[in-house]
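**Student:** Could you look at this predicted model? Sequence included:
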Amino acid sequence: MNDLSARIEALLFALGRPFSRKELTQKLAVSSEALEDALRELGAREGGITLVDDGGMVEIRTAPAASELIERVRKEEYSREIGKAGLEALSAILYRGPLTRSEIDFIRGVNSTQTLRTLTVRGLVRKIPNPKDERSFLYEPTTELLAHLGVARAPDLPEYEVVRQKLKNLEDSFRASSQTPEEPTI
């Protein structure tokens with residue numbers, strides 16, 4: 001695999017979302033011709049993942065040969081309860097989101113990496129680019145979760161503004177109490 005194909009694969013994998021050809025040429029600073037050659041090479045490669053190309057957008061997905069295994073593992077994942085950790089993370093995302101993983105960790109007081117992975121795999125939350133920091137993602141509820149809860153959007157949740165304000169007050173209070181007082185100026 002050439003260097004450009006490897007870079008495309010890495011970018012698609014790391015960000016976990018589809019890209020347009022225009023977006024890829026800009027991010028990779030390559031010509032359209034070079035991009036097309038690299039996409040053809042990536043698409044011809046056999047392995048556990050495959051390039052999905054609808055003519056406008058490209059993304060990587062698991063290869064069809066792995067579908068049986070993936071389906072079995074997903075069923076195992078879905079059969080487990082999301083538990084208290086999942087409910088806490090979902091509540092934070094629904095009432096204060098979209099949030100970064102570190103903001104969710106701050107609200108919950110514990111590491112949420114595994115919990116967020118489980119919620120993402122189940123299709124309850126999704127990662128979106130963070131406009132304030134390209135190195136991180138924001139987590140937001142999916143339309144499937146909102147539909148399951150019987151609301152069209154998060155603000156339609158019961159006591160949305162009340163709960164949102166209580167969470168904000170708790171966060172502000174904790175931040176204020178954890179800051180060291182400034183030295184008095186003389």
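**Tutor:** Nice, thanks for sending it over.
**Student:** check contacts around Leu42.
**Tutor:** Listed by Cβ atoms under 8 Å, 6 or more residues apart in numbering, the contact set of Leu42 reads Met1, Ser5, Ile8, Glu9, Leu51. For every residue, glycine as well, the C-beta is placed using N, CA and C.
**Student:** Show the subsequent helix or strand relative to the helix or strand encompassing it.
**Tutor:** Leu42 belongs to helix 32-44 when assigned by DSSP states H and E. Once helix 32-44 ends, the next helix or strand along the chain (criterion: DSSP H and E) is strand 49-53.
**Student:** Show the subsequent helix or strand relative to that following strand.
**Tutor:** Next helix or strand after strand 49-53 toward the C-terminus (DSSP H and E): strand 57-62.
**Student:** which residues are contacting the helix-or-strand element of the chain with minimal mean pLDDT?
**Tutor:** Ranked by mean pLDDT, DSSP states H and E, the weakest helix or strand in the chain is helix 67-79, scoring a mean of 80. When contacts are defined by Cβ under 8 Å, 6+ apart, helix 67-79 is touched by residues Thr62, Thr118, Val121, Arg122.
**Student:** Name the residue closest to the centre of the protein, please.
**Tutor:** Nearest to the mean C-alpha position of the chain, by Cα atoms, centre = their mean, lies Lys127 at 1.7 Å.
**Student:** which other helices and strands contact the helix or strand hosting that residue?
**Tutor:** Here Lys127 sits within strand 125-129, counting by DSSP H and E. If you count contacts as 3 or more Cβ pairs under 8 Å, 6 or more residues apart in numbering; DSSP states H and E, strand 125-129 packs onto helix 83-96, helix 113-121, strand 137-141.
**Student:** Include mean neighbour count, mean pLDDT and distance to Glu159 when you put those into CSV, please.
**Tutor:** Shown next, in CSV, are the helices and strands packed on strand 125-129 (neighbours: other Cβ atoms under 10 Å; pLDDT from 0 to 100; distance: least, Cβ to Cβ, whole Å):
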stretch, mean neighbour count, mean pLDDT, distance to Glu159
helix 83-96, 18, 92, 9
helix 113-121, 17, 90, 22
strand 137-141, 21, 94, 17
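**Student:** For these, could you give me JSON lines that also reports distance to Leu35?
**Tutor:** Formatted as JSON lines, the helices and strands packed on strand 125-129 follow (distance: least, Cβ to Cβ, whole Å):
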{"stretch": "helix 83-96", "distance to Leu35": "35"}
{"stretch": "helix 113-121", "distance to Leu35": "28"}
{"stretch": "strand 137-141", "distance to Leu35": "25"}
